[in-house]
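K.L.:
the following comprises the amino acid sequence and a computationally predicted model.
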Amino acid sequence: MPVPTPTLVTERLRLRPFAASDADDLFALQSDARVLEFWDSPPWTDRTMIERFLGGCRTMADEGTGGRVAVERTEDRAFIGWCTFNSFNPDFRSGSLGYCFTAESWGHGYATEAARAVLSWAFGAFDLNRVQAEADTRNAASARVLEKLGFQREGTLREDCIVDGVVSDSWVYGLLRREWPG
(Lines give C-alpha, C1' and ligand atoms only; values in the text may rest on other atoms or scores of the structure.)
Protein backbone atom coordinates (compact mmCIF):
# COMPACT_ATOMS: atom_id res chain seq x y z
CA MET A 1 0.00 0.00 0.00
CA PRO A 2 1.43 3.43 -0.91
CA VAL A 3 2.67 5.68 1.88
CA PRO A 4 2.95 9.35 0.90
CA THR A 5 6.33 10.94 1.53
CA PRO A 6 5.80 13.33 4.43
CA THR A 7 6.58 16.97 4.90
CA LEU A 8 7.93 17.42 8.42
CA VAL A 9 8.86 20.62 10.23
CA THR A 10 11.26 20.83 13.16
CA GLU A 11 12.62 23.79 15.07
CA ARG A 12 15.21 24.60 12.37
CA LEU A 13 14.44 22.33 9.45
CA ARG A 14 11.86 21.49 6.82
CA LEU A 15 11.89 17.92 5.55
CA ARG A 16 9.94 17.46 2.33
CA PRO A 17 9.56 15.22 -0.70
CA PHE A 18 12.30 15.63 -3.29
CA ALA A 19 11.55 17.77 -6.33
CA ALA A 20 13.19 17.95 -9.75
CA SER A 21 14.56 21.35 -8.70
CA ASP A 22 16.77 19.56 -6.13
CA ALA A 23 18.84 17.90 -8.88
CA ASP A 24 21.87 20.21 -8.78
CA ASP A 25 22.06 20.29 -4.97
CA LEU A 26 21.62 16.53 -4.79
CA PHE A 27 24.38 15.94 -7.34
CA ALA A 28 26.71 18.33 -5.49
CA LEU A 29 26.10 16.44 -2.24
CA GLN A 30 26.46 12.94 -3.66
CA SER A 31 29.56 13.81 -5.71
CA ASP A 32 31.44 15.34 -2.76
CA ALA A 33 34.27 12.93 -1.88
CA ARG A 34 34.53 14.38 1.63
CA VAL A 35 30.83 13.71 2.32
CA LEU A 36 31.03 10.18 0.93
CA GLU A 37 34.37 9.29 2.55
CA PHE A 38 32.69 6.68 4.79
CA TRP A 39 29.89 5.74 2.38
CA ASP A 40 29.24 2.28 0.95
CA SER A 41 29.57 3.54 -2.63
CA PRO A 42 31.85 6.02 -4.39
CA PRO A 43 30.92 9.64 -5.08
CA TRP A 44 28.74 10.19 -8.12
CA THR A 45 30.49 11.12 -11.34
CA ASP A 46 27.48 10.74 -13.62
CA ARG A 47 24.37 12.93 -13.48
CA THR A 48 22.18 9.98 -14.53
CA MET A 49 22.43 8.92 -10.88
CA ILE A 50 20.08 11.79 -10.00
CA GLU A 51 17.10 10.20 -11.75
CA ARG A 52 17.89 6.80 -10.27
CA PHE A 53 17.91 8.35 -6.80
CA LEU A 54 14.68 10.30 -7.37
CA GLY A 55 13.09 7.21 -8.95
CA GLY A 56 13.99 5.27 -5.80
CA CYS A 57 12.21 7.91 -3.72
CA ARG A 58 9.04 7.46 -5.79
CA THR A 59 9.28 3.67 -5.65
CA MET A 60 9.57 3.67 -1.84
CA ALA A 61 6.45 5.81 -1.53
CA ASP A 62 4.50 3.84 -4.15
CA GLU A 63 5.39 0.48 -2.61
CA GLY A 64 4.90 1.64 0.99
CA THR A 65 8.41 0.63 2.02
CA GLY A 66 9.51 4.00 3.37
CA GLY A 67 10.21 7.59 2.53
CA ARG A 68 13.22 9.74 1.69
CA VAL A 69 13.03 13.47 2.32
CA ALA A 70 15.12 16.44 1.28
CA VAL A 71 16.26 18.48 4.28
CA GLU A 72 16.45 22.26 4.13
CA ARG A 73 17.13 24.89 6.76
CA THR A 74 14.05 26.98 7.41
CA GLU A 75 16.04 30.20 7.91
CA ASP A 76 17.36 30.32 4.34
CA ARG A 77 15.68 27.35 2.54
CA ALA A 78 19.16 25.93 1.79
CA PHE A 79 19.30 22.24 0.85
CA ILE A 80 21.59 20.57 3.42
CA GLY A 81 20.98 16.87 2.83
CA TRP A 82 18.50 14.05 3.04
CA CYS A 83 17.14 11.52 5.49
CA THR A 84 15.36 8.23 4.87
CA PHE A 85 13.39 5.47 6.50
CA ASN A 86 13.43 2.55 4.08
CA SER A 87 13.27 -1.21 3.60
CA PHE A 88 10.13 -1.59 5.70
CA ASN A 89 9.38 -5.29 6.18
CA PRO A 90 5.83 -5.78 7.46
CA ASP A 91 6.50 -9.39 8.50
CA PHE A 92 9.41 -8.43 10.73
CA ARG A 93 7.97 -4.96 11.48
CA SER A 94 11.39 -3.48 10.78
CA GLY A 95 13.14 -0.99 8.55
CA SER A 96 16.29 1.08 8.18
CA LEU A 97 17.34 4.66 8.85
CA GLY A 98 19.85 6.57 6.73
CA TYR A 99 20.99 10.14 6.16
CA CYS A 100 23.52 12.22 4.26
CA PHE A 101 24.37 15.88 4.89
CA THR A 102 26.59 18.51 3.30
CA ALA A 103 29.99 19.00 4.93
CA GLU A 104 29.08 22.64 5.63
CA SER A 105 26.14 21.51 7.77
CA TRP A 106 28.13 19.09 9.94
CA GLY A 107 28.46 19.79 13.65
CA HIS A 108 25.20 21.74 14.02
CA GLY A 109 22.91 18.89 15.12
CA TYR A 110 20.95 18.88 11.86
CA ALA A 111 21.35 15.13 11.24
CA THR A 112 20.06 14.31 14.72
CA GLU A 113 17.15 16.75 14.38
CA ALA A 114 16.14 15.46 10.95
CA ALA A 115 16.55 11.79 11.86
CA ARG A 116 14.46 12.28 15.01
CA ALA A 117 11.64 13.74 12.90
CA VAL A 118 11.85 10.90 10.37
CA LEU A 119 11.84 8.30 13.14
CA SER A 120 8.78 9.90 14.75
CA TRP A 121 7.01 9.78 11.40
CA ALA A 122 8.09 6.17 10.74
CA PHE A 123 7.04 4.90 14.15
CA GLY A 124 3.65 6.53 13.56
CA ALA A 125 3.16 5.55 9.91
CA PHE A 126 4.36 1.95 10.11
CA ASP A 127 3.71 -0.85 12.59
CA LEU A 128 7.37 -0.85 13.58
CA ASN A 129 9.09 -2.90 16.23
CA ARG A 130 12.69 -2.22 15.15
CA VAL A 131 14.74 0.25 13.15
CA GLN A 132 18.29 -0.58 12.10
CA ALA A 133 21.10 1.69 10.99
CA GLU A 134 24.73 1.20 10.03
CA ALA A 135 27.76 3.44 10.32
CA ASP A 136 31.29 2.95 9.07
CA THR A 137 33.48 2.32 12.12
CA ARG A 138 35.66 5.29 11.10
CA ASN A 139 32.67 7.65 11.16
CA ALA A 140 32.46 8.67 14.83
CA ALA A 141 30.12 11.58 14.04
CA SER A 142 27.48 9.31 12.50
CA ALA A 143 27.80 6.89 15.42
CA ARG A 144 27.17 9.81 17.82
CA VAL A 145 24.02 10.79 15.89
CA LEU A 146 22.63 7.28 16.24
CA GLU A 147 23.51 7.06 19.92
CA LYS A 148 21.85 10.44 20.63
CA LEU A 149 18.69 9.03 19.04
CA GLY A 150 18.75 6.04 21.40
CA PHE A 151 20.16 3.41 19.04
CA GLN A 152 22.23 0.64 20.63
CA ARG A 153 25.39 -0.63 18.95
CA GLU A 154 24.75 -4.33 18.38
CA GLY A 155 27.76 -5.56 16.48
CA THR A 156 30.34 -5.11 13.77
CA LEU A 157 30.11 -6.23 10.18
CA ARG A 158 33.73 -7.03 9.42
CA GLU A 159 35.06 -5.92 6.04
CA ASP A 160 31.56 -5.52 4.67
CA CYS A 161 32.38 -2.65 2.29
CA ILE A 162 35.04 -2.23 -0.35
CA VAL A 163 34.88 1.14 -2.08
CA ASP A 164 37.61 2.11 -4.53
CA GLY A 165 39.80 -0.61 -3.04
CA VAL A 166 39.38 0.56 0.57
CA VAL A 167 38.06 -2.19 2.87
CA SER A 168 36.03 -1.06 5.87
CA ASP A 169 33.93 -2.38 8.72
CA SER A 170 30.48 -1.17 9.75
CA TRP A 171 28.76 -0.96 13.09
CA VAL A 172 25.17 -2.17 13.22
CA TYR A 173 22.78 -0.22 15.44
CA GLY A 174 19.24 -1.08 16.49
CA LEU A 175 16.39 0.88 18.04
CA LEU A 176 13.30 -0.90 19.38
CA ARG A 177 9.87 0.69 19.65
CA ARG A 178 9.89 0.28 23.43
CA GLU A 179 13.17 2.28 23.56
CA TRP A 180 11.88 5.13 21.39
CA PRO A 181 11.06 8.12 23.60
CA GLY A 182 9.26 9.98 20.79
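P.N.:
Structure received. Because the structure is a prediction, the values reported are computed rather than measured.
K.L.:
wait, what's in contact with Ala78?
P.N.:
Contacts for Ala78 (C-beta atoms under 8 Å, 6 or more residues apart in numbering) come out as Glu72. Any C-beta I mention is one placed from the backbone N, CA and C, and that applies to glycine too.
K.L.:
how close does it get to Leu13?
P.N.:
Per C-beta to C-beta, to the nearest Å, Ala78 is found 10 Å from Leu13.
K.L.:
pull up the overlap in contacts between those two.
P.N.:
Glu72.
K.L.:
pLDDT at Pro181, what is it?
P.N.:
If you check Pro181, the pLDDT there is 82.
K.L.:
residue contacts, it?
P.N.:
Residues in contact with Pro181 (C-beta under 8 Å, 6+ apart) are Gly150.
K.L.:
over to it. Which of the three states is it?
P.N.:
Three-state assignment for Pro181 (DSSP: H, G, I helix; E, B strand; the rest coil): coil.
K.L.:
could you show me where the helices are in this protein, in order?
P.N.:
Using DSSP state H, the helices of the chain run over residues 23-30, 48-63, 110-125, 140-148.
K.L.:
take those and lay them out in TSV including mean neighbour count, mean pLDDT and distance to Tyr99.
P.N.:
Shown next, in TSV, are these (neighbours: other C-beta atoms under 10 Å; pLDDT from 0 to 100; distance: least, C-beta to C-beta, whole Å):
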stretch	mean neighbour count	mean pLDDT	distance to Tyr99
helix 23-30	17	98	11
helix 48-63	14	95	14
helix 110-125	21	97	5
helix 140-148	17	97	8
